[in-house]
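Engineer: Sequence and predicted structure are below.
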Amino acid sequence: MDGITQAYIDLHNNDKYWLNEELNADLASDPFATYFDGPHTPHKVLITTSPKASKAMHDLCDELVGAFP
């Protein structure tokens, strides 16, 4: 392996080290970590229509309600 290739590999490995350190620092200070790591509750979906929705729209909403548990 020549000196240039070795220098590139060393530089690349050093970048990976610094990126890992930066990533770990970001993850440690993430304000939303408790939300994503905590107990999970089922998601809710609200399907709405306009007051004068057509029959086709009501049919579509009925299908959507059946698609989401």
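Structural biologist: Received it, and whenever you're ready, just let me know what you need. Quantities reported herein were computed from a predicted structural model and do not represent experimental measurements.

Engineer: Residue 40 and residue 23, how far apart?
Structural biologist: 24 Å (C-beta to C-beta, to the nearest Å). C-beta coordinates here come from the backbone N, C-alpha and C atoms, glycine included.

Engineer: Past the host helix or strand of residue 26, which element shows up next along the chain?
Structural biologist: Using DSSP states H and E, residue 26 maps to helix 3-28. The C-terminal neighbour of helix 3-28 among helices and strands, as given by DSSP H and E, is helix 33-37.

Engineer: neighbouring contacts of that next one?
Structural biologist: The list of residues contacting helix 33-37 from outside it, by C-beta atoms under 8 Å, 6 or more residues apart in numbering, reads residue 27.

Engineer: what's in contact with the helix or strand that that helix is followed by?
Structural biologist: Using DSSP H and E, the next helix or strand after helix 33-37 towards the C-terminus is helix 55-67. Outside helix 55-67, the residues that touch it by C-beta under 8 Å, 6+ apart are 47, 49-50, 53.

Engineer: could you give me the average pLDDT of helix 55-67?
Structural biologist: For helix 55-67, the mean pLDDT works out to 92.

Engineer: How far away from the center of its chain is that helix?
Structural biologist: Mean-position distance between helix 55-67 and its chain equals 28 Å (C-alpha atoms, centre = their mean, to the nearest Å).

Engineer: let's have the chain start at 42 instead
Structural biologist: In the new count, where the first residue is 42, that last one comes out as helix 96-108.

Engineer: Just the buried residues of that helix, please?
Structural biologist: Within helix 96-108, no residue is scored as buried using 16 or more other C-beta atoms under 10 Å.

Engineer: still on that earlier bit, would you list the contacts of helix 96-108 in TSV and tack on neighbour count and distance to residue 77?
Structural biologist: Listed next are the contacts of helix 96-108 as TSV, based on neighbours: other C-beta atoms under 10 Å; distance: C-beta to C-beta, whole Å:
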residue	neighbour count	distance to residue 77
88	10	25
90	11	32
91	7	35
94	12	36
